[in-house]
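[1] Sharing a model that was predicted from the sequence below.
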Amino acid sequence: MAGSQIERALSLLESLTSDPRGLPMQSLSDELSIPKSATHRMLAELIRLGYVRQNPENSRYQLSTKLVAMAFQYLASSGADIVQPILDRLAQETGELVRLGVIDGDRQTWIAKSQGARSGLRYDPDMGRDAPLFCTASGHAWLASMSDTEALALVERQGITDLTQFGPNAPRSNIELLERLRLARAHGYAWVMESSAVGTSALAAVVRHPLDGHVIGVLSVAGPSARLPEARIHDLAPQLLDAANELSGASQASEIFA
């Protein structure tokens with residue numbers, strides 16, 4: 001892997017986010033194409049700085065809570081207090097998980113959430129993940145704001161790993177994906193059923209900058225398919241769109257969208 005030492009170190013930290021159980025040094029070395037000796041030196045330095053720890057039971061390397069603490073500290077001082085009440089209200093109205101993803105270059109990252117389900121089945125994935133664009137409602141909502149050519153190019157850049165990791169209704173071709181985007185444009189929001197995962201459904205709409213209209217985020221509602229059949233998805237769409245518009249208006253007062 002080419003790049004500076006800091007690029008290598010950051011790539012190593014990103015790799016460690018993929019598995020909370022930790023990864024062996026050899027796996028990290030192979031994945032990043034970094035010599036084992038260099039990987040060992042970087043891990044030792046990251047341990048010294050408190051960003052990584054080594055599990056004494058299996059010698060795997062894991063992220064410490066330092067990065068998580070830094071992220072929450074940033075969000076606490078960056079306008080999350082302006083955004084959170086909007087997410088909380090939508091979660092209470094729908095009784096499902098509400099997530100906000102922000103756009104940063106070619107990435108859409110989930111950075112805030114509110115859980116509306118208080119009992120029964122709950123759908124609650126980890127924050128901080130980049131949304132898989134080709135199979136999620138959040139991804140489709142963002143892609144639908146682009147031309148077909150731009151959307152397919154972005155999906156290709158993000159890459160698709162193993163389709164068996166996703167739901168049975170994930171798009172199997174560019175033609176299928178473009179049809180989903182056509183429907184999202186026609187309705188003003190995107191929706192999926194058992195696409196990103198078995199037994200889950202979601203709907204999503206973009207959040208636009210109030211002045212020039214470019215997409216700055218994506219708001220979604222997700223939950224078990226048993227509670228979110230397609231009819232209910234469309235019933236909830238007006239509430240989702242109202243909340244997305246409200247976030248658009250509040251965005252200039254929040255550093256989250258900066």
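    Structure's in. What do you need?

[2] What segments of the chain are strands?
    Secondary structure of the chain by DSSP state E: the strands cover 52-54, 61-63, 97-104, 107-115, 190-193, 200-208, 215-224.

[3] With distance to residue 140 and mean neighbour count as extra columns, can I get those in a markdown table?
    Every residue, glycine included, has its C-beta placed from N, CA and C. Output for the strands of the chain, formatted as a markdown table (distance: least, CB to CB, whole Å; neighbours: other CB atoms under 10 Å):
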| stretch | distance to residue 140 | mean neighbour count |
| --- | --- | --- |
| strand 52-54 | 35 | 18 |
| strand 61-63 | 30 | 18 |
| strand 97-104 | 12 | 23 |
| strand 107-115 | 11 | 19 |
| strand 190-193 | 4 | 25 |
| strand 200-208 | 7 | 27 |
| strand 215-224 | 9 | 25 |
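
[4] Could you dump these into a markdown table with mean pLDDT added?
    Formatted as a markdown table, the strands of the chain follow (pLDDT from 0 to 100):
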| stretch | mean pLDDT |
| --- | --- |
| strand 52-54 | 92 |
| strand 61-63 | 91 |
| strand 97-104 | 92 |
| strand 107-115 | 89 |
| strand 190-193 | 98 |
| strand 200-208 | 97 |
| strand 215-224 | 96 |
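
[5] Residue 235 is nearest to which of those strands?
    strand 200-208 (10.1 Å; CB to CB).

[6] List the strands paired with that closest one, with their directions.
    Strand 200-208 sits in its sheet next to strand 190-193 (antiparallel), strand 215-224 (antiparallel), going by DSSP bridges.

[7] For the ones you listed, give me CSV that also has distance to residue 11.
    Putting the strands paired with strand 200-208 into CSV (distance: least, CB to CB, whole Å) gives the following:
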stretch, distance to residue 11
strand 190-193, 30
strand 215-224, 25
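
[8] re earlier: would you turn the strands of the chain into CSV with distance to residue 232?
    Output for the strands of the chain, formatted as CSV (distance: least, CB to CB, whole Å):
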stretch, distance to residue 232
strand 52-54, 43
strand 61-63, 37
strand 97-104, 14
strand 107-115, 18
strand 190-193, 10
strand 200-208, 9
strand 215-224, 9
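
[9] where in the protein is pLDDT low?
    Along the chain, segments meeting pLDDT under 70 span 1-3, 72-81, 118-128, 161-163, 253, 255, 258.

[10] Just the CA atoms of the longest helix along it, as PDB, please.
    The single longest helix within the chain, with elements called by DSSP state H, is helix 230-250. Provided in PDB are the C-alpha atoms of helix 230-250 (Å, rounded to 0.1, in the frame of the first residue of the first chain):
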ATOM      1  CA  GLU A 230     -44.700  -1.700   1.900                       C
ATOM      2  CA  ALA A 231     -48.100  -0.200   2.700                       C
ATOM      3  CA  ARG A 232     -46.900   1.200   6.000                       C
ATOM      4  CA  ILE A 233     -43.700   2.400   4.400                       C
ATOM      5  CA  HIS A 234     -45.700   4.700   2.000                       C
ATOM      6  CA  ASP A 235     -48.000   5.800   4.900                       C
ATOM      7  CA  LEU A 236     -44.900   7.000   6.800                       C
ATOM      8  CA  ALA A 237     -43.300   8.800   3.900                       C
ATOM      9  CA  PRO A 238     -45.000  12.200   4.500                       C
ATOM     10  CA  GLN A 239     -43.600  12.300   8.100                       C
ATOM     11  CA  LEU A 240     -40.200  11.400   6.800                       C
ATOM     12  CA  LEU A 241     -40.300  14.100   4.200                       C
ATOM     13  CA  ASP A 242     -41.500  16.700   6.700                       C
ATOM     14  CA  ALA A 243     -38.600  15.800   9.000                       C
ATOM     15  CA  ALA A 244     -36.100  16.000   6.100                       C
ATOM     16  CA  ASN A 245     -37.300  19.400   5.200                       C
ATOM     17  CA  GLU A 246     -37.000  20.500   8.900                       C
ATOM     18  CA  LEU A 247     -33.500  19.200   9.000                       C
ATOM     19  CA  SER A 248     -32.700  21.200   5.900                       C
ATOM     20  CA  GLY A 249     -33.800  24.400   7.600                       C
ATOM     21  CA  ALA A 250     -31.800  23.600  10.700                       C
END
